[in-house]
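> no sequence on hand, only this structure:
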């Protein structure tokens, strides 16, 4: 207890007592993210709370005001051998910010300045909200290449460390495809080093859950800002919706931010849109260049669909389709299937239609499909494909949510050549997003030798912390 009080006192001397939360009920509010979307992760977290208490043995939530305070907090935690979990907006879906080793939570949201907007880049502090980052860019006639759909609450460092795709991924790819230019991060040592990573050296910082360092700044690329039009294409069959989506993926005459086909049962979850189509119809949600409406209407008609304009550029009063795709989409699906689970699949560019049919023939209404494209050299490399062309991607909604059914679906995907991202594990190396995880583990040995950063998210096969005293 004396050591605990001494540690908390040292933290208070750095950030001020006002910015340290030690009350159990307050701490529990910082233990929430969107991992409830996975029944398997949720079950595991609930069990740990029953065994360890509702705070998961977290002693405090600490909110530094700037990078200097953040460095001092990290140094203090390392001296006391206290685990640290860095937290931004808490919008993660895979349990990234759930502390499995107790210790303290570092809330970075006060470290949120926009530092510089250049001709083709923007540099911001770790806690800057992605929506504010994009707004700052737009004030200069620019926009982010990829924007997470949780932009209203997700932080810059949170997306880099925990996300990987978003609006624009169908054109610009993932965080591994040049959509992060530079990161500054602190090592977890008694005298933290400030590292500056760019190019291929960025790998240990991207989607590694804050296990390899504490991000303080991020630099993103910018492109010319566009006016975006939101529309819904309505089809009588999912097959037609998929064919339309595939044609849109090959369309290069106008810009697209998202084009995502939704099988009929999923469409019923988008309650604001229900007046645009009938039950049993499939839809495609899209955000495209505002000048391309005629082209979209013509392409839609080619596949016997109907184009419905939803929201014009600058129009207010309607919820944006940006809040119905990528990570947000799963929240709407939960309206019609509260106990569902999800699996993110990547299909063959040459056999996607047959693979989709095989899934439906095997599982029928036990699996619902969303279908889109992501233009990503990184994701293609995971499948052994060259180049950075469009890669068919789907989110599988699983109605039975037990481990046995999940395993059955994954094994069937393996048998038909569909790879997947697994959102039902805490372990980074099991996510399905890394060709070779060893370089990340090697980096962690140098940046976090005691294993104090977000412990439990890298397995013992790859990392064993040094003995602490």
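Cool, the structure landed. None of these values were measured; they are calculated from a predicted model.
> quick one: secondary structure of residue 123?
The three-state assignment at residue 123 reads strand, by DSSP: H, G, I helix; E, B strand; the rest coil.
> and it, how far from residue 70?
Distance, residue 123 to residue 70, by C-beta to C-beta, to the nearest Å: 17 Å. Where you see a C-beta, it was placed from the backbone N, CA and C, and this is true even at glycine.
> all strands for the stretch 1-150 of the chain, in order.
With DSSP state E, counting those that start in this stretch as the criterion, the stretch 1-150 of the chain has strands at 20-21, 58-62, 84-87, 103-107, 114-117, 121-125, 142-144.
> quick one, which of the ones you listed is nearest to residue 311?
Closest to residue 311 of the strands of the stretch 1-150 of the chain is strand 142-144 (C-beta to C-beta; 17.1 Å).
> off-centre distance for the helix or strand following the closest one?
Counting by DSSP states H and E, the element after strand 142-144 in chain order, helix or strand, is helix 156-162. The chain centre lies 8 Å from the centre of helix 156-162; the measure is C-alpha atoms, centre = their mean, to the nearest Å.
> what helices and strands are in contact with helix 156-162?
strand 84-87, helix 130-138, strand 214-224 (3 or more C-beta pairs under 8 Å, 6 or more residues apart in numbering; DSSP states H and E).
> and the first one, what's its mean pLDDT?
I take that to be strand 84-87. Averaged over strand 84-87, pLDDT sits at 96.
> about what we covered before: out of residue 123 and residue 70, which sits in the more crowded spot?
Between residue 123 and residue 70, counting by other C-beta atoms under 10 Å, residue 70 is the more crowded of the two (28 against 20).
> correct me, but that one touches residue 63?
No - if you go by C-beta atoms under 8 Å, residue 70 and residue 63 don't touch, sitting 9.7 Å apart.
> picking up where we left off before, out of the helices and strands packed on helix 156-162, deepest packed?
strand 84-87 (a mean of 28; mean count of other C-beta atoms under 10 Å).
> pull the residues that contact that one.
Outside strand 84-87, the residues within contact range by C-beta atoms under 8 Å, 6 or more residues apart in numbering are 30, 58, 61, 74, 77, 97-99, 101, 103-108, 157-158, 161, 188, 210, 214-215, 452-454.
> quick check: the gap between the closest residue to residue 182 other than its chain neighbours and residue 376.
Nearest non-adjacent residue to residue 182, counting by C-beta to C-beta, 6 or more residues apart in numbering: residue 219, 3.9 Å away. Note on residue 219: its distance to residue 376, by C-beta to C-beta, is 20 Å.
> and what of residue 227?
For residue 227, the distance to residue 376 (C-beta to C-beta) stands at 25 Å.
> do the same with residue 250
16 Å.
> out of the two, which sits in the busier spot?
It is residue 376, of residue 250 and residue 376, that has more neighbours when counted by other C-beta under 10 Å, with 27 against 9.
> per the annotation, how does this structure divide into domains?
Using automatic domain parsing, the domain parsing of the chain gives 2-107, 114-224, 228-421.
> winner for burial among those domains?
domain 114-224 (a mean of 21).
> span of it from start to end?
Across domain 114-224, the terminal residues are separated by 19 Å (C-alpha to C-alpha, to the nearest Å).
> now stretch 432-444
19 Å.
> ditto for stretch 105-116
28 Å.
> what is the mean pLDDT for it?
97.
> got it, and stretch 303-320?
The model assigns stretch 303-320 a mean pLDDT of 92.
> what separates that stretch from the chain centre, distance-wise?
25 Å.
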